[in-house]
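K.L.:
when you get a sec, could you give me coordinates for this:
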Amino acid sequence: MDVDKIKELIELMKTNDLNELKIKDGETRILLRRGAKGNPQIIQMPHQPLTAPMPAPAAAPAAPAPVADENAGLIEITSPMVGSFYAAPSPNAESFVKVGDHVDTDTVVCIVEAMKVMNEVKSEVKGTIKKILASNGQAVEFGTALYLVEPD
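P.N.:
Residues are numbered from 1 along each chain as shown. This is a model prediction of the structure:
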């Protein structure tokens, strides 16, 4: 992560009166948090796997066959920022996408409104929308899964 980029993010935090900002860049995770006096603290978080390995179970009685994960192989489209999720460009308009729609990497799938600014969110993946996970007007965090896409 570039130091100048971090300084720029700190200034954006001050300007927009944000208290916390989480950033994930590949294996690097950074948490920027403003203290009581408004001074940002930079905390570099070590990479932690999303799931910890489970210890091997002791001999157990035969269990039913595991159910296949219905979301296996699907890719999440996540919120790039904190804000409010909107599925359509206006209250009376049709949704940008619905289940079954094909999307390309540059297809606008929703809007996340932050600080009265409407930010278009693009698919960034080519495939078919399988699930819509957010509801209209829902508050979302950075990284919140909004859609599940089956890639082409």
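K.L.:
pLDDT weak spots in this protein?
P.N.:
1-2, 35-68 (pLDDT under 70).
K.L.:
helix or strand for the closest residue in space to Ile77 that isn't next to it in sequence, which one?
P.N.:
Once flanking residues are discounted, Ile77 sits nearest to Tyr147: 4.2 Å by Cβ to Cβ, 6 or more residues apart in numbering. For every residue, glycine as well, the C-beta is placed using N, CA and C. Element membership of Tyr147 [criterion: DSSP states H and E] is strand 145-151.
K.L.:
how about that strand: buried residues?
P.N.:
Buried residues in strand 145-151, defined by neighbour count with 16 or more other Cβ atoms under 10 Å: Ala145, Leu146, Tyr147, Leu148, Val149.
K.L.:
okay, and the beta partners of the third one?
P.N.:
Translated: Tyr147. Ile77, Ile132 (DSSP bridges).
K.L.:
that one is in contact with Val97, isn't it?
P.N.:
Yes: here Tyr147 reaches Val97: they are 7.4 Å apart, a contact under Cβ atoms under 8 Å.
K.L.:
any residues in contact with both of those two?
P.N.:
Common neighbours of Tyr147 and Val97, counting by Cβ atoms under 8 Å, 6 or more residues apart in numbering, are Val109, Cys110, Ile129, Ile132.
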